[in-house]
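*Asks:* Sharing a model that was predicted from the sequence below.
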Amino acid sequence: MAEHIGKRLRRLRSLAGLTQEGLSAASGVSVDVVARLEQQRKHSARLPTFHALAAGLGVEVTALMGDPPGIASTGAAEPPQLVALRRAIMPPLIGMPPEPADVNTASLSSVRGELAEDWTLYHSAAFDDLMKRLPEAITNARLLALVGTPDQRAAGQAALGKALQLGGHLAIRLGKTDLALASLERAYAAAGESSDPLLAPMISNSVAWAYQRQNRLDDATGLAVHAADSIEHDRIGSAEQLRVWGGLVMSAATSSARSGNYDQAAEMMTTAEEATDKLTRLPPPRDGRMVSVFSRSSVRIERVRLAVQHGRPEEAITLANGMRLSSDTPPSWRTWLLLDVARAHTDVGDAEGAVKALKSLRRMTPGWMRHHTLAVAIVTDLWNGPNHPPDLRALARFLGIAE
C-alpha cells in the first residue's frame, strides 16, 4: 500500500529541521492543515497547498505527494534498465558512444516507426517494456543524426529529438527530473538542427512539465507562454500546429492554477477548448502519436482535474458529465479522469458515484491504482465515512486499507 502523505510530510519536515509552526511560516499553509495531515486526520489537500508545502520544505512536489512507480524496484541503487537509459541519453564523455545493435537496421523509417510504438507504450503506462526498448531507439536515432546528406542528417536530428523527448518524459515518470532535464536539453539542441519547426515548441512543453514537478511554476508558465507565442495562432494551418499550440496553452494554464491563479487558468483553458473546434476542419496529423496530446477531450479532462485540485468538485462533476472521449485519448488520460471524478464525488459526499468511478479505474489499470497516493487517499476517506456502498469493501481490501 502507498505510504500515507502524513508520514511522508512528517519525515520531510524532520529532515528539513522544521517544526510544524516553522513549516507553516515557510509555506504559508496553516499549522492546523499541517497537523491534520501529519496526524492522518486529513488524507488529501488542494494541489496549490502541496506546492506551497513542497516550497517550504525545499523539495520537489513529487517527493511530498508520491507517484506510482514507473518500473519495479529491485532494491538496488538503480535498476539495470535505468542505467541503460542514462547511458543512451548521456553517452560516455570519453570514447566512442555505444553503437546500435544492428547498424543496417537504423533507417529513418524504421526508427520513426519504433518511436511511434514507444510513444504508444508510454501513454499506455507500459514502462517496463518501454525501458527495454528506448535506449536502442535513442542510440539508433543518434547515428542517423550523424550520417548522410544534410537533409538526411536534419531528419535524423528530428528523430533524435523525439527519442530524447520521450526519454525525458519517462525519466519524469521515474521521479528523475534532473535526468529528464538533461535529456530534454539534448532534445532541444537536436530540434535546433532538425527539419521539424514544431519540435522545439513540443520539447518546451515537456520542459515546462519537468519544471512543474520541481515546483518551478513561474518558469513553467513563462516557458509555455513563450513557446506558444512562437506559433502564430492566427496563421495556424495544420492540425499539428494547432495541437502543439493548444498543448502549450494547457500547460501554461496548469502552471498558473498550481500557482493559485485559478481564474486565469480557467480563462486559458476556455480559450484552448474553443480552439479545438478548428481541429475538426483540418486534415488529421500523419501520425498523431508523435504530436502533442490536444483535443476537446484532453482539454476537458484537464479542466476537470484543475477544478478538483482547487476545491470545486461540483464544477468538476458538471464538466465530466456526458463527456465523450475521442478515440485518440491515451489510456493515461482516461485513468486520470476516472481518478478525478472519484475525488469529486467523494468531496460532495456521493460515495456511490465515487465507487463507480473507482471500479472502472481498477478494471482499466489495477497496478497503477494500487500504488497511487490519491487513489489510496480517496478510498481511505470513503472507508472512514458513514456510507459504505456495495463494492467499497472490495476496493479497500484491494488497496490494503481493510482486512
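*Replies:* Thanks, I have it.

*Asks:* Pop the domain breakdown of the chain in here.
*Replies:* Structural domains assigned to the chain are 1-66, 74-196, 197-294, following automatic domain parsing.

*Asks:* Of all these, which one comes closest to Asp381?
*Replies:* Judged by CB to CB, the one of those that comes nearest to Asp381 is domain 1-66, at 5.3 Å. (Glycine included, C-beta is placed from N, CA and C.)

*Asks:* so for the closest one, what's the average pLDDT?
*Replies:* Here domain 1-66 scores 79 as its mean pLDDT.

*Asks:* Check stretch 135-142 too.
*Replies:* 94.

*Asks:* and the strand or helix carrying Leu395, what's its mean pLDDT?
*Replies:* According to DSSP states H and E, Leu395 maps onto helix 392-398. Helix 392-398 carries an average pLDDT of 93.

*Asks:* now that helix: how far from the chain's centre is it?
*Replies:* For helix 392-398, the distance from its own C-alpha centre to the chain's C-alpha centre is 27 Å (CA atoms, centre = their mean, to the nearest Å).

*Asks:* Just the C-alpha atoms of it, please, in CSV.
*Replies:* Extracted as CSV, the C-alpha positions of helix 392-398 are listed here (Å, rounded to 0.1, in the frame of the first residue of the first chain):
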residue,chain,number,x,y,z
LEU,A,392,-16.3,-0.4,-1.4
ARG,A,393,-15.0,-3.2,0.9
ALA,A,394,-13.5,-5.0,-2.2
LEU,A,395,-11.7,-1.8,-3.2
ALA,A,396,-10.5,-1.2,0.4
ARG,A,397,-9.1,-4.7,0.6
PHE,A,398,-7.5,-4.4,-2.8
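
*Asks:* Which strands and helices lie in contact with that helix?
*Replies:* helix 351-364, helix 373-384 (3 or more CB pairs under 8 Å, 6 or more residues apart in numbering; DSSP states H and E).

*Asks:* could those helices be laid out in a markdown table, adding distance to Leu164 and mean neighbour count?
*Replies:* Below are these laid out as a markdown table (distance: least, CB to CB, whole Å; neighbours: other CB atoms under 10 Å):
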| stretch | distance to Leu164 | mean neighbour count |
| --- | --- | --- |
| helix 351-364 | 30 | 19 |
| helix 373-384 | 29 | 21 |
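
*Asks:* Output the ones you listed in TSV; the columns should cover distance to Met268.
*Replies:* Below are the helices and strands packed on helix 392-398 laid out as TSV (distance: least, CB to CB, whole Å):
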stretch	distance to Met268
helix 351-364	26
helix 373-384	24
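
*Asks:* just flag whichever of these has the lowest average confidence.
*Replies:* Lowest mean pLDDT within the helices and strands packed on helix 392-398: helix 373-384, a mean of 84.

*Asks:* follow-up on the earlier one: of all the domains of the chain, which lies closest to Ser360?
*Replies:* That would be domain 74-196 among these, by CB to CB, at 15.8 Å.

*Asks:* Which of the helices and strands in this structure ranks last by mean pLDDT?
*Replies:* In the chain, the helix or strand scored least confidently by mean pLDDT, DSSP states H and E is helix 61-65, which has a mean of 68.

*Asks:* right, and the helix or strand after it?
*Replies:* helix 80-89.

*Asks:* tell me how far that following helix is from the chain's mean position?
*Replies:* With CA atoms, centre = their mean, you get 21 Å for helix 80-89.

*Asks:* quick one: average confidence on that helix?
*Replies:* 91.

*Asks:* before we move on, what about stretch 192-199?
*Replies:* Across stretch 192-199, the per-residue pLDDT values average to 94.

*Asks:* Going by neighbour count, which residues in that stretch are buried?
*Replies:* By neighbour count on 16 or more other CB atoms under 10 Å, the buried set for stretch 192-199 is 194, 196, 198-199.

*Asks:* so where's the longest helix in the protein?
*Replies:* helix 150-173 (DSSP state H).

*Asks:* helices and strands around that one, which ones?
*Replies:* Right, helix 150-173 is packed against helix 80-89, helix 108-123, helix 127-144, helix 177-192, helix 199-213 by 3+ CB pairs under 8 Å, 6+ apart.

*Asks:* Quick one, grab the pLDDT at Met96.
*Replies:* Met96 is given a pLDDT of 62.

*Asks:* Could you do the one 10 residues further on as well?
*Replies:* Ala106 is assigned a pLDDT of 67 by the prediction.

*Asks:* What ranges does the stretch 201-350 of the chain have for its helices?
*Replies:* For the stretch 201-350 of the chain, the helices defined by DSSP state H, counting those that start in this stretch cover 217-229, 239-258, 262-275, 296-309, 313-320, 331-347.

*Asks:* The residue lying closest to Arg296 once chain neighbours are set aside: neighbour count?
*Replies:* Once flanking residues are discounted, Arg296 sits nearest to Thr276: 4.1 Å by CB to CB, 6 or more residues apart in numbering. By the measure other CB atoms under 10 Å, the count of residues near Thr276 is 19.

*Asks:* who's in contact with Thr276?
*Replies:* 246, 294-296, 299 (CB atoms under 8 Å, 6 or more residues apart in numbering).

*Asks:* Which one of these sits in the busiest neighbourhood?
*Replies:* Most surrounded of these: other CB under 10 Å gives Gly246, at 28 neighbours.

*Asks:* From what I see, Pro285 and Gln241 are in contact.
*Replies:* No: counting by CB atoms under 8 Å, Pro285 does not reach Gln241; the two are 9.8 Å apart.
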